[in-house]
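Asks: heads up, no residue letters with this:
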């Protein structure tokens, strides 16, 4: 069982009617439900949100999380610096990290990237089409050449992320932009995946392709072992081998 | 002076009136003229085409070419295998190579890539917008975040090229696709640049951004030295240094 | 069951006593035995060699191979061009390909790379130490930071391969060189892995780390589906979605 | 004129006799002298150190620096967080940044990488040989296949940096390790180069190859323009073009 924690700032689902209607228990709960529909017995999924003590990310929770999924948007600034730093440290020692949508500006993601992570954007719920530009990465397995999202927020260039280790999808938007929308990174012993879809007013987390991609990303990011200690030891020269 | 050879299959410009009207002396001649407008004293530009003896690519020409620009489309199959192999060999030993538009299926480019280089396409002269996704590569220097081509042929995914060393532009097409349209590769001691714009019925080679990109690519691909011999020598162990 | 075919030029094991003593049934047979020791029920392994009809690579064999492992050295030139081209075509349509040791100059590998693939070398059975430089790729999973080969042939720079999609190991040689010794590439729909160890006079294919890496590479390169047709269709514009 | 600032923590050169003897005015002064020997008229070089007001990195200095070279080792912790953050911000907006030797753990470099940047090390002034593994990058231009450093500190794997955009050199150490010793990264609009040689007790900054590499890196990292504002604007849809 891969131990997954889905973290949500969980704000718009409580304060805006249209978002509440779409994701009544929070979009983290929807992602959990959708994942369990296709892989109930593969994951042990826990929910966490910003209003829980320690944002729901206690040492015990983090030590027992293989892959952390993060969704934040307008409350990035309210995340405690010490907790963000602790998340980064867990990634460095092996925990998988999946940053969804506007989490491109979340504290843990920005720290992991080392870049501003700014971008251009437009929020008119426009048509988007996601094009697969990688054919062999485990995250793209089983996905079609392209699929459509009937409504999404546009995120466009310049998108100041580091060059991805692997660029997996590029999104076409009806309004005229493209987005490098699915990117992987190695950070220490941990794997990071950024995935663009998921504006709170859009039903993307009910899209079976989106859920399949998140599932593939969990499987890919799972370290398969506990935290790895960082090593900065002095090292003696190797002995010569006598045959 | 960088010595540039622009090679063209030079067919549609002789056989189709609309192409002839657009590129009366061949699109290779237009590229030459446009480059000379912005950098007359930097390049020594020679033209070559498929109908010349040895396709205009004699040993003497190739030995004195720093960067070879290639445009082919419907006559790939008529290019002599031995000449294509010779071009590849020169690239391996340092010559720069810029493959334009439908040269993605030219013999030298396909051999240099090692992949099928096939793609999906549509030829309705549709709006295209080129988005810069790299901000530090020499080829992107001075170019805006995006620019528009009023009419181009669409090239789309799956585009079976190797993962680019650097992906520089992604094109948005009005019809719903994206293309990884500007890609760099190291091949032996030589540099290769693939650049998508330039269908024969479209005025892209009069676009100043397109010409600036081709200029930047020439400067980048210029090896700055003669051909480098390939080395597959046996090598004795290094001596120990006595301090 | 992943269907693996291990191809060997199978020459030195018949003609040189020391090689025969080390790999009595051919090094392909040894690799098979060692893989089956750790994963008997995961693979269906077939052996093939250059002296079989069609080098043992008939359409039926290739169509039923998920991952092809290749070992060649002094008989590259005797491999039929048409069969080498057929192997490349199968890789493009999804078959995994693992090139071992001196297969860097084999016909299929060179065609898949598009580069000369030459290198410097030294054959004195020297100490080698393989350093893992990637911590998250599936092929590196479970392997230690480094491991030693008591005797290997040195392969060194300039090694004219394309920049790897992922560089997984770098080898240190006692004589003073380093080698980019474990490299991955996407080629069409297929995955390619180059792995340096395995000179015919060296016992590397009895090394458990080497075998674990080959196992991991098989699992990684397995396409999980039959051959994928290449697509170069014309594509109509997408319909607009009416919400 | 490219405006270069060389920053040094400038400690061991004042406190240890052997270091003082080697780099009497600080190793930053030596790098300046050596660069001016080969390119006096190309650079305007300023020196800065930790003991100056604001560590010598006032707004005025940073605004007028095209490329910042950094050398730090035992005093990383004494660098003011606000100044480190300001350096990172300048890199994001275009300033080039070259991190030398033990600056792998400097505050600006670690923030730019997003990884721990830890490594294994050994300080016995051992023989090192630097192997060029890239043949086309501007920083490698004119450098031989390999060159030797008679004495350097060993830095080895696991070296927890992000996968380099381009890996340029790998170092072989007599004691049995390798190091990814010359790595490039895009960070926002700025370019970053990590370069391993330069322990304070070793004469590496008198080595002409080392100086040539630093020179090439300055030329490569020079943004050629003033700081670029980060953009996170909302963007209206593009107008349709009427031909």
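Replies: That came through fine. Note that the structure is a prediction, hence the values are computed from the model and not measured. Numbering: from 1, shown residues only, chains lettered A, B, ... in the order given.
Asks: Any buried residues in the biggest strand by length in chain A, and which?
Replies: Counting by DSSP state E, the longest strand found in chain A is strand A:120-132. Using 16 or more other C-beta atoms under 10 Å in any protein chain shown as the test for burial, strand A:120-132 gives A:120, A:121, A:122, A:125, A:126, A:127, A:128, A:129, A:130, A:131, A:132. Every C-beta, even on glycine, is put in place using the N, C-alpha and C of the backbone.
Asks: CSV please, covering those residues and showing pLDDT and distance to chain B.
Replies: Formatted as CSV, the buried residues of strand A:120-132 follow (pLDDT from 0 to 100; distance: C-beta to the nearest C-beta, whole Å):
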residue, pLDDT, distance to chain B
A:120, 95, 8
A:121, 96, 14
A:122, 96, 14
A:125, 92, 17
A:126, 94, 13
A:127, 96, 9
A:128, 97, 10
A:129, 98, 6
A:130, 98, 9
A:131, 98, 5
A:132, 98, 7
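Asks: now, which of those lie close to chain D?
Replies: When C-beta under 8 Å from any C-beta of the partner chain is applied, the members of the buried residues of strand A:120-132 adjacent to chain D are A:120, A:121, A:122, A:126.
Asks: re the thing from before, please see if the longest strand of chain A touches chain C.
Replies: Yes - legend: contact between strand A:120-132 and chain C by C-beta under 8 Å from any C-beta is shown at A:127, A:129.
Asks: Report all helices and strands that the next helix or strand after that strand contacts.
Replies: Following strand A:120-132 in sequence order, the next helix or strand is strand A:146-156 (DSSP states H and E). In terms of contacts (3 or more C-beta pairs under 8 Å, 6 or more residues apart in numbering or on different chains; DSSP states H and E), strand A:146-156 is packed against strand A:120-132, strand A:166-173, strand A:178-187.
Asks: Count the residues that sit near residue A:8.
Replies: 29 (other C-beta atoms under 10 Å in any protein chain shown).
Asks: what about the strands in chain A?
Replies: A:2-8, A:43-49, A:67-71, A:96-100, A:120-132, A:146-156, A:166-173, A:178-187, A:190-195.
Asks: right, so of the helices and strands packed on strand A:146-156, which gets closest to residue D:182?
Replies: strand A:178-187 (18.7 Å; C-beta to C-beta).
Asks: List the buried residues for that closest one?
Replies: A:178, A:179, A:180, A:181, A:182, A:183, A:184, A:185, A:186, A:187.
Asks: Repeat that for stretch A:84-101.
Replies: A:84, A:86-101.
Asks: do stretch A:28-48 as well
Replies: A:28-32, A:34-35, A:39, A:42-43, A:45-48.
Asks: And stretch A:136-147, by the same measure?
Replies: Buried residues in stretch A:136-147 (16+ other C-beta under 10 Å): A:136, A:137, A:138, A:139, A:140, A:141, A:143, A:146, A:147.
Asks: as a whole number, average confidence for that stretch?
Replies: Averaging pLDDT along stretch A:136-147 yields 97.
Asks: Next: stretch A:195-212.
Replies: For stretch A:195-212, the per-residue pLDDT averages 98.
Asks: ok, is it in contact with chain D or not?
Replies: No - using C-beta under 8 Å from any C-beta, stretch A:195-212 never reaches chain D; the gap is at least 13.4 Å.
Asks: what's next to stretch A:135-149, contact-wise?
Replies: Stretch A:135-149 is contacted from outside by A:127-132, A:134, A:166, A:168-169, A:182, A:184, A:193, A:197, A:202, A:204, A:207, A:209-210, A:212-213, A:216-217, A:219-220, B:157-158, B:160, C:138, C:186, C:188-191, C:224, C:238, C:241, using C-beta atoms under 8 Å, 6 or more residues apart in numbering or on different chains.
Asks: Could you report the pLDDT at residue A:59?
Replies: In this model, residue A:59 carries a pLDDT of 97.
Asks: Pull up the residues of chain A that are close to chain C.
Replies: A:127, A:129, A:134-136, A:138, A:141, A:148, A:150-151, A:165-166, A:186, A:188-191, A:224, A:238, A:240-241, A:243.
Asks: what residues does chain A put near chain B?
Replies: Counting by C-beta under 8 Å from any C-beta, chain A sits next to chain B at A:129, A:131-135, A:145-146, A:156-160, A:163, A:166-167, A:170-173, A:176-178, A:180.
Asks: next one: phi and psi at residue A:144?
Replies: Backbone torsions of residue A:144, given as degrees, to the nearest 10, read phi -70, psi 170.
Asks: ok, now residue A:237?
Replies: Dihedral angles (degrees, to the nearest 10) for residue A:237: phi -60, psi 150.
Asks: Give me the neighbour count for the residue nearest to it when sequence neighbours are not counted.
Replies: The spatial neighbour of residue A:237 that comes closest, neighbours along the chain excluded (C-beta to C-beta, 6 or more residues apart in numbering or on different chains), is residue D:175 at 3.3 Å. Around residue D:175 sit 17 other residues, with neighbours defined as other C-beta under 10 Å.
Asks: List the contacts of residue D:175.
Replies: A:235, A:236, A:237, A:238, D:122, D:124, D:126, D:154.
Asks: Nearest to chain B among these?
Replies: Relative to chain B, the closest of the contacts of residue D:175 is residue D:126; by C-beta to the nearest C-beta it sits at 10.1 Å.
Asks: before we move on, the earlier item: closest one to residue C:17 out of the buried residues of stretch A:28-48, please.
Replies: Using C-beta to C-beta, the buried residues of stretch A:28-48 come closest to residue C:17 at residue A:42, 52.8 Å.
Asks: how near is the residue nearest to that closest one when sequence neighbours are not counted to residue A:224?
Replies: The shortest distance from residue A:42 to any non-neighbouring residue, by C-beta to C-beta, 6+ apart, is to residue A:2 (6.3 Å). According to C-beta to C-beta, to the nearest Å, residue A:2 and residue A:224 sit 9 Å apart.
Asks: And the two? Which one has more around it.
Replies: residue A:2 (18 against 11).
Asks: partners of that one in the sheet?
Replies: Taking DSSP bridges as the rule, residue A:2 bridges to residue A:43.
Asks: thought it was touching residue A:45?
Replies: No - if you go by C-beta atoms under 8 Å, residue A:2 and residue A:45 don't touch, sitting 9.1 Å apart.
Asks: Confidence-wise, which of the buried residues of stretch A:28-48 comes last?
Replies: Within the buried residues of stretch A:28-48, lowest confidence goes to residue A:39 (92).
Asks: ok, now which ones touch the residue lying closest to that residue once chain neighbours are set aside?
Replies: Spatial nearest neighbour of residue A:39, excluding adjacent residues (C-beta to C-beta, 6+ apart): residue A:215 at 5.9 Å. Contacts of residue A:215 were listed using C-beta under 8 Å, 6+ apart, and they are A:35, A:38, A:39.
Asks: quick one: low-confidence parts of chain A?
Replies: Along chain A, segments meeting pLDDT under 70 span A:240-243.
Asks: try 90 this time
Replies: A:40, A:231-236, A:238-243 (pLDDT under 90).
Asks: How about residue A:28: what's its closest non-neighbour residue?
Replies: In space, residue A:28 is closest to residue A:8, 3.7 Å off (C-beta to C-beta, 6+ apart).
Asks: what's near enough to touch the one you found?
Replies: So residue A:8 contacts A:26, A:27, A:28, A:47, A:48, A:49, A:50, A:71, A:72 (C-beta under 8 Å, 6+ apart).
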